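Q: sequence-free structure coming up:
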Ligand SMILES: CC(=O)CC(=O)SCCNC(=O)CCNC(=O)[C@H](O)C(C)(C)COP(=O)(O)OP(=O)(O)OC[C@H]1O[C@@H](n2cnc3c(N)ncnc32)[C@H](O)[C@@H]1OP(=O)(O)O
Ligand SMILES: NC(=O)C1=CN([C@@H]2O[C@H](COP(=O)(O)OP(=O)(O)OC[C@H]3O[C@@H](n4cnc5c(N)ncnc54)[C@H](OP(=O)(O)O)[C@@H]3O)[C@@H](O)[C@H]2O)C=CC1
């Protein structure tokens with residue numbers, strides 16, 4: 001099936017990056033969020049990130065103008081009804097995602113492919129609550145979307161071959177590379193990455209190192225571009241905790257127990273970069289460790 005128009009639900013860190021990449025690749029993008037402010041911020045951020053690509057001569061000013069011209073926003077979910085492909089990238093909470101799909105599905109044309117950018121939640125379970133489980137897939141982008149090469153494709157039990165083949169082709173058209181994962185908690189990337197981040201928080205919690213020494217050790221000792229605590233702040237501590245909870249509950253193994261310190265930071269509303277504070281304080285000129 002040919003995809004031309006793409007609906008993006010949630011204009012947070014991932015939603016804006018997904019809209020950016022699809023618009024640049026020539027798709028018409030309609031982005032929605034419950035918050036008008038989030039939509040405004042997302043469009044401003046896409047403009048800024050495209051400008052950065054222009055200044056590094058990755059794209060031309062005309063490419064940027066064309067991409068911005070392909071992005072529209074709405075606060076009405078039903079407006080996404082005529083899109084060929086919908087990518088849900090709202091908050092990592094299963095109840096939120098079920099509610100979005102329940103509201104959206106009655107407005108969708110029959111051919112629309114419905115996807116979720118969830119980091120961890122069962123695709124089969126999300127699909128089963130829609131009217132089109134065979135046209136439902138996990139479509140998992142990495143942060144920052146304009147930079148990261150990978151997209152994980154996750155088929156639920158009922159997903160049909162045509163839907164999978166269509167998304168493989170879309171990944172190719174946006175210039176990224178697909179890895180196919182089976183539908184088990186947190187799929188491939190987060191099954192491996194999130195326990196490492198959680199272990200870094202335990203290392204902090206138990207006093208083995210402080211924020212600076214843990215991040216420095218992993219950056220300089222294992223050549224990771226970001227330390228695990230810096231990366232956790234970048235992803236969002238609420239999202240990290242949500243993923244650990246899905247792993248813990250879904251695999252029923254205590255080795256996935258979220259670190260109590262991670263829970264504490266989320267309870268404080270210190271969610272990382274997006275809220276101004278997490279394992280680092282981002283409110284000044286340079287990030288300062290909070291422990
Ligand atoms: C939680 C989940 O479900 C799944 C996940 O996403 S897990 C998280 C996966 N992501 C990671 O692991 C990211 C790890 N970090 C990194 O790879 C790097 O630190 C980083 C790419 C984010 C930044 O790299 P850096 O070298 O420190 O910064 P910087 O030099 O500013 O940027 C590198 C390049 O990316 C570009 N870039 C960075 N952010 C960008 C953005 N938002 N939009 C467009 N381009 C961007 C820069 O323009 C630059 O391009 P050039 O190489 O062409 O010059
Ligand atoms: N952060 C990351 O590194 C990655 C995240 N993901 C996944 O992408 C999804 C989004 O994450 P991320 O962008 O980081 O999260 P953010 O918190 O940055 O953004 C989520 C956005 O969704 C909005 N939202 C919440 N409820 C609804 C709703 N009912 N309808 C429309 N929009 C809604 C939020 O609005 P408000 O702020 O007003 O609540 C917010 O703007 C999650 O499923 C996450 O697991 C996948 C890969 C990487």
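A: Right, received. Where do you want to start? Please read all numbers here as calculations on a predicted model, not as lab measurements. Numbering: from 1, shown residues only. Ligands and ions are numbered 1, 2, ... in the order given.
Q: Please count neighbours and contacts with C-alpha atoms only from this point.
A: Fine.
Q: residues in the stretch 1-150 of the chain within reach of ligand 1, list them.
A: Of all the residues in the stretch 1-150 of the chain, those in contact range of ligand 1 (CA under 6 Å from any ligand atom) are 49, 52-53, 119, 142-144, 146-147.
Q: what distance separates the strand or helix carrying residue 168 from the middle of the whole chain?
A: Under the criterion DSSP states H and E, the helix or strand holding residue 168 is helix 161-173. What separates the centre of helix 161-173 from the centre of its chain is 19 Å, taken as CA atoms, centre = their mean, to the nearest Å.
Q: before we move on, back to that, between the residues of the stretch 1-150 of the chain next to ligand 1, which is nearest residue 261?
A: Within these, distances to residue 261 taken as CA to CA reach their minimum at residue 119, with 21.1 Å.
Q: Double-check that residue 137 belongs to a strand.
A: Yes - under the criterion used here (DSSP: H, G, I helix; E, B strand; the rest coil), residue 137 sits inside a strand.
Q: How about it: what's its closest non-neighbour residue?
A: Leaving aside its chain neighbours, residue 137 sits nearest to residue 115 (4.8 Å; criterion: CA to CA, 6 or more residues apart in numbering).
Q: before we move on, what about residue 102?
A: Distance criterion CA to CA, 6+ apart; nearest residue to residue 102, sequence neighbours excluded, is residue 130 at 6.9 Å.
Q: Please verify my assumption that the one you found contacts residue 104.
A: No - counting by CA atoms under 8 Å, no contact exists between residue 130 and residue 104, whose distance comes to 9.3 Å.
Q: circling back to that earlier point, can you say which of the residues of the stretch 1-150 of the chain next to ligand 1 are buried?
A: The neighbour-count test (16 or more other CA atoms under 10 Å) applied to those identifies 49, 53, 119, 142-143, 146 as buried.
Q: Just flag the most distant two among the residues you listed.
A: Greatest spacing in those, by CA to CA: 53 and 119 (26.6 Å).
Q: Residue 242 sits in which helix or strand?
A: If you go by DSSP H and E, residue 242 is part of helix 237-251.
Q: Does ligand 1 have contacts with that helix?
A: No - for helix 237-251 and ligand 1, the contact criterion (CA under 6 Å from any ligand atom) is not met; the two come no nearer than 6.9 Å.
Q: if we can go back for a sec, now render the buried ones among the residues of the stretch 1-150 of the chain next to ligand 1 as JSON lines, adding distance to ligand 2 and secondary structure.
A: Formatted as JSON lines, the entries for those read as follows, by distance: CA to the nearest ligand atom, whole Å; DSSP: H, G, I helix; E, B strand; the rest coil:
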{"residue": "49", "distance to ligand 2": "16", "secondary structure": "helix"}
{"residue": "53", "distance to ligand 2": "20", "secondary structure": "helix"}
{"residue": "119", "distance to ligand 2": "4", "secondary structure": "coil"}
{"residue": "142", "distance to ligand 2": "5", "secondary structure": "coil"}
{"residue": "143", "distance to ligand 2": "5", "secondary structure": "coil"}
{"residue": "146", "distance to ligand 2": "12", "secondary structure": "coil"}
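Q: of all those, which comes closest to residue 29?
A: When those are compared against residue 29 (criterion: CA to CA), the nearest one is residue 146, at 15.2 Å.
Q: list the contacts for that closest one?
A: With contacts defined as CA atoms under 8 Å, 6 or more residues apart in numbering, residue 146 is in contact with 17-18, 20-21.
Q: ok, 10 Å please
A: 14, 16-22, 24, 46, 49-50, 53, 174, 176 (CA atoms under 10 Å, 6 or more residues apart in numbering).
Q: now it: how far from residue 162?
A: 26 Å (CA to CA, to the nearest Å).
Q: Can you say which helix or strand has the closest residue in space to residue 210 that isn't next to it in sequence in it?
A: Once flanking residues are discounted, residue 210 sits nearest to residue 204: 5.6 Å by CA to CA, 6+ apart. Per DSSP H and E, residue 204 falls inside helix 189-205.
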